[in-house]
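In: I would like the atomic coordinates for the input below:
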Amino acid sequence: MQQAGNFFAGFMAKTFGRGSAFRWLFTVVLLCCLFVQSTGAPALAAASRSAEPSTSDGVRRTTILVEYTEYRWWVIRWFDNQTLCSVTTDHEGLPKGDEIFRDCGRTIYALWLSTPPCSALSNAEFSTKQCAGVYLHLVGYEPKKKEIEVELPAPKAWISLDDCPQYAVEKRCDHLPSLLIEGEEPLPNESITAVHVLWNDQEYTCLNSSCKIPMQATPRSGAAVEFWVDSSFGDSSERFTAMVRVLDSGVSFVTDGGWYVDVLSSQWKGKPLEGCAQIWDVFPPIQDAPGWLKTPALPELLASDEEYYYLAGRLIAQGLVEAKDCPSGGLLSNGYADACGLEKALPLVQEWQNQFDHHIIQASQESGIPAQLMKNMMAQESQFWPGAFKDPNEFGLGQLTDNGAETLLLWNPSFFYQFCPLVLDKSNCERGYVYLDEENQALLRGALALKASVDCPTCEAGIDLSRIDRSIDLFAQTLLANCSQVSRIIYNATSRAPADVSDYVNLWLFTIANYHIGPGCLSYAVYQASALQAPITWESVSTYLTEPCQGVIDYVAKVTR
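Out: As a prediction, the model looks like this:
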């Protein structure tokens, strides 16, 4: 069978050459795999730990013993069948270019890479002297073992509230709760041995896997908390931080009063903080937040009764409203309803614009994006008609565009790493969207468009309302991505964190603008404001928008009215 292997290797090298290795790599690997299977060569075996784990530079490591098959190849010159060098590999198939370079050096690697196809192979009187360059010959293989150093997952610590059961609904506690710090040890047979907490220059230590720290009132700007855990492995987690704000509601002595509590931390396990506060590291307002930044407890409180001419026009055009008595059937040339058409469609218009409210509130609770803000933006983007009409390349209630899809994939990494493997091979997704080639990036953006779209030619009115929740969830995730992009825009322009130069409300105003016009317009305006030492507020920054960008001012005003 080694002769068969020699024949296959030589045949492929002579036939296809090395001028473009990837042109024939698939065929070669296939033949080599057939050869290995026929000889019964052992596959890579399971690994076992050969040394006790250790920690260096704060990174856990251990050494494992791996059983594998070592393959030995010769690089042979066609002209005189002289063996030029030997290459060893630990995988099936032909040696790779870097392995030939490693074992044979630059000169032979260059010779292998430049070997042309050998057309003489088809001659009946073939002689190896007729072929230029080199070919590969499999000498043999044998099972071996080697030690590999691997990194192990580190312990973590998480922060939440204890003894505040209504917090998930009301974001308020009847009395001062406790901070709960819990350790997590990912390694089997190891455990968390201690939890450490630093708060107000005082250190608390609990000799178990969790620790409760009584809370106390803080300034309105909050107070810093540092926490970490020790492991029986012999090391500690990284030191995590949190900003904690505890404010008296002003009626804490009354039954329905209590304390407002907010926690900003990457390790927070509770209900998401309003909007993008975690991304910006900014506490939201408590009682004086504008109405467009609130989330009602019930869908009925999100209801609206606006007169939407575009929505009325779509309902008439799709046969959901009868308007034959109106001039031109109740429609203008641009597809909007005229006054008569709106009058005919108004009852359904008011019903239609509120049928998505429970989906909006659910998406708000899961993402932390204010429900009223989402509804206001949908009103401006689509007037609650999710089907394509005005622009066939904008999808869903939030009118997702190709640029919007790219923003989502670039600036919402948690969404990207969940979504990408549904479309592409997981190995292609590991490094992130920016490292994908243009074709795969386009595939992902197209898949997002399909996810946002609810168009359905066979459905009533041409849309599938059963898929509307996906469109709304995607809109919420896109807003989270815009929050992250705004954070970077402000940092790039000012070299300071958003929390140091702006506030929660203004950061949302920037995010609304960024969603509508993109980062180019906003970045320029923020840079100009920062360069001139103007306040980083929407009122100030919007004055630096260039003329083509100024239409967003009216858009932001309508969303936040």
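In: what about the stretch 1-150 of the chain, any weak spots by pLDDT?
Out: Along the stretch 1-150 of the chain, segments meeting pLDDT under 70 span 1-56, 120-124.
In: go on, the stretch 351-500 of the chain?
Out: For the stretch 351-500 of the chain (pLDDT under 70), the answer is 389-391.
In: residue boundaries of the helices in it?
Out: Ranges of helices within the stretch 351-500 of the chain are 357-367, 371-382, 402-411, 413-419, 426-429, 438-452, 468-494, 498-501, based on DSSP state H, counting those that start in this stretch.
In: Give me the domain ranges for the chain.
Out: 2-151, 156-271, 305-350, 353-559 (automatic domain parsing).
In: Now do the shortest one: distance to the chain's middle.
Out: On the basis of Cα atoms, centre = their mean, to the nearest Å, the separation between the geometric centre of domain 305-350 and that of its chain is 40 Å.
In: can you start the count at 516 instead of 1 from here on
Out: Shifting the count to begin at 516 puts that one at domain 820-865.
In: and the end-to-end length of it?
Out: This stretch, domain 820-865, spans 5 Å end to end (Cα to Cα, to the nearest Å).
In: Quick check: I728 is in a strand.
Out: Yes: counting by DSSP: H, G, I helix; E, B strand; the rest coil, I728 is located in a strand.
In: tally of neighbours for it?
Out: Neighbour count of I728, defined by other Cβ atoms under 10 Å: 20. Where C-beta positions appear, they are placed from N, C-alpha and C, glycine not excepted.
In: The stretch 716-865 of the chain: helices as residue ranges?
Out: Remark: helices assigned in the stretch 716-865 of the chain by DSSP H, counting those that start in this stretch are 792-795, 824-832, 854-867.
In: quick one, which of those helices is nearest to I983?
Out: Nearest to I983, of all the helices of the stretch 716-865 of the chain, is helix 854-867, at 11.6 Å by Cβ to Cβ.
In: Identify the residues contacting the closest one?
Out: 820-824, 826-828, 830-831, 835-838, 840-842, 844-846, 852, 899 (Cβ atoms under 8 Å, 6 or more residues apart in numbering).
In: Show me what counts as buried in that helix.
Out: By 16 or more other Cβ atoms under 10 Å, the buried positions in helix 854-867 come out as C855, G856, L857, K859, A860, L861, V864, Q865, W867.
In: Check stretch 818-828 too.
Out: Y823, Y824, Y825, L826, A827, G828.
In: Now render the residues you listed as a markdown table, adding pLDDT.
Out: What follows is these, written out as a markdown table (pLDDT from 0 to 100):
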| residue | pLDDT |
| --- | --- |
| Y823 | 97 |
| Y824 | 97 |
| Y825 | 96 |
| L826 | 96 |
| A827 | 97 |
| G828 | 96 |
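In: circling back: kindly reformat the helices of the stretch 866-1015 of the chain as JSON lines and extend each row with mean neighbour count.
Out: Below are the helices of the stretch 866-1015 of the chain laid out as JSON lines (neighbours: other Cβ atoms under 10 Å):
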{"stretch": "helix 872-882", "mean neighbour count": "20"}
{"stretch": "helix 886-897", "mean neighbour count": "23"}
{"stretch": "helix 917-926", "mean neighbour count": "20"}
{"stretch": "helix 928-934", "mean neighbour count": "16"}
{"stretch": "helix 941-944", "mean neighbour count": "14"}
{"stretch": "helix 953-967", "mean neighbour count": "17"}
{"stretch": "helix 983-1009", "mean neighbour count": "22"}
{"stretch": "helix 1013-1016", "mean neighbour count": "19"}
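In: Flag the shaky bits of the stretch 716-865 of the chain, pLDDT-wise.
Out: 766-772, 787.
In: now do 80
Out: Low-confidence segments of the stretch 716-865 of the chain, defined by pLDDT under 80: 765-772, 785-790, 801-803.
In: Break down it into its strands, ranges please.
Out: Counting by DSSP state E, counting those that start in this stretch, the stretch 716-865 of the chain has strands at residues 717-721, 725-729, 738-746, 755-763, 774-779.
In: and P668, which of the three is it?
Out: Per three-state DSSP, the secondary structure class of P668 is coil.
In: from what I can see it touches P701, true?
Out: Yes: with contact defined as Cβ atoms under 8 Å, P668 reaches P701; the gap is 4.1 Å.
In: Now do the shared contacts for the two.
Out: By Cβ under 8 Å, 6+ apart, no residue touches both P668 and P701.
In: before we move on, the earlier item: now for the helices of the stretch 716-865 of the chain, which one comes closest to L915?
Out: For L915, the closest of the helices of the stretch 716-865 of the chain is helix 824-832, at 17.6 Å, according to Cβ to Cβ.
In: Which other helices and strands does the closest one contact?
Out: Here helix 824-832 touches helix 854-867, going by 3 or more Cβ pairs under 8 Å, 6 or more residues apart in numbering; DSSP states H and E.
In: What are the phi and psi values at G850?
Out: Main-chain torsions, G850, degrees, to the nearest 10: phi 90, psi -10.
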